[in-house]
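starting from these lines, generate the structure:
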Amino acid sequence: MIYTKTGDKGTTSLASGQRVPKTDARIEAYGTVDELNSWIGALRAGVQSTEDSVQTELGWVQNKLFNLGAALSEAPGEWVTAKDVEQIEHWIDAMQEDVPRQHAFLLPAGSEVVTRCHICRTVCRRAERRMIEAKADETALKWINRLSDYLFVLSRFIATKNGEKEVAWCKN
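Below you'll find the predicted structure:
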């Protein structure tokens, strides 16, 4: 059965079974991580099949976001590791070899898939802020911070691969 009625009065359970208000910082944090995961799914839906490596990377990210949610709900175990941080850094470094040097701030604009990258990036930044409020561990914070960097570089990588012109910010 999908409904339990246990949350009808504004509380929910952490992995430990502890009941907390649905406005608890941990719930806000893993709720935002869950929202980010949904947006990553929308991003994956727009990534062309010719970008198989990106599909694989984003699938890995989605699974790690579930791990992150488990960590934020205080499930026992090591859910996000230093090796996970290094993996994202590796992907960022590889993509940056294929994008032109950035000479201006970029607007979150372009094709639909590039724009989805930016939506994911901004939701990721919000998740990071919520995780700070929830006092997430240092490795999880590093990982979510690198993920937002990855999503920015991914927007540039996809734009470059598709021959799109990036939209620079211009002060009016």
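
is the spatially most central residue of the chain in a helix, a strand, or coil?
Residue closest to the average C-alpha location in the chain (C-alpha atoms, centre = their mean): Cys124, at 4.4 Å. At Cys124 the chain is in helix, as set by DSSP: H, G, I helix; E, B strand; the rest coil.

how near is it to Asn162?
Computed as C-beta to C-beta, to the nearest Å, the Cys124 to Asn162 distance reads 22 Å. Placement of C-beta: from N, CA and C, glycine included.

circling back: separation between the residue nearest to the centre of the chain and Asn172?
With distances defined as C-beta to C-beta, the gap from Cys124 to Asn172 amounts to 28 Å.

Leu151: neighbouring residues, count only.
27 (other C-beta atoms under 10 Å).

and the longest helix for the chain?
Assignment by DSSP state H gives helix 138-161 as the longest helix of the chain.

for Ala70, which non-adjacent residue is closest in space?
Setting aside the residues directly before and after it, Ala70 is nearest to Trp79 in space (C-beta to C-beta, 6 or more residues apart in numbering), at 5.2 Å.

so where do the strands sit in this protein?
Assigned strands in the chain, in chain order: 11-13, 19-21 (criterion: DSSP state E).

where in this protein is pLDDT low?
Counting by pLDDT under 70, the chain contains low-confidence ranges at 6-8, 49-50, 104, 107.

still on that earlier bit, contacts only, for the residue nearest to Ala70.
Shown here is Trp79, whose contacts under the criterion C-beta atoms under 8 Å, 6 or more residues apart in numbering are 67-68, 70-71, 140.

at 6 Å instead, please
Taking C-beta atoms under 6 Å, 6 or more residues apart in numbering as the definition of contact, the neighbours of Trp79 are 67, 70-71.

highest neighbour count among those?
If you count neighbours using other C-beta under 10 Å, the busiest of the contacts of Trp79 is Ala71, which has 25 neighbours.

quick check on the nearest residue to that one once chain neighbours are set aside: phi, psi?
Nearest non-adjacent residue to Ala71, counting by C-beta to C-beta, 6+ apart: Trp79, 3.8 Å away. With angles defined as degrees, to the nearest 10, Trp79 shows backbone torsions of phi -100, psi -30.

separation between Trp79 and Ala25?
When Trp79 is compared with Ala25 (using C-beta to C-beta), they lie 18 Å apart.

ok, Ile144 touching Arg129?
No - contact between Ile144 and Arg129 fails when scored by C-beta atoms under 6 Å: they sit 9.7 Å apart.
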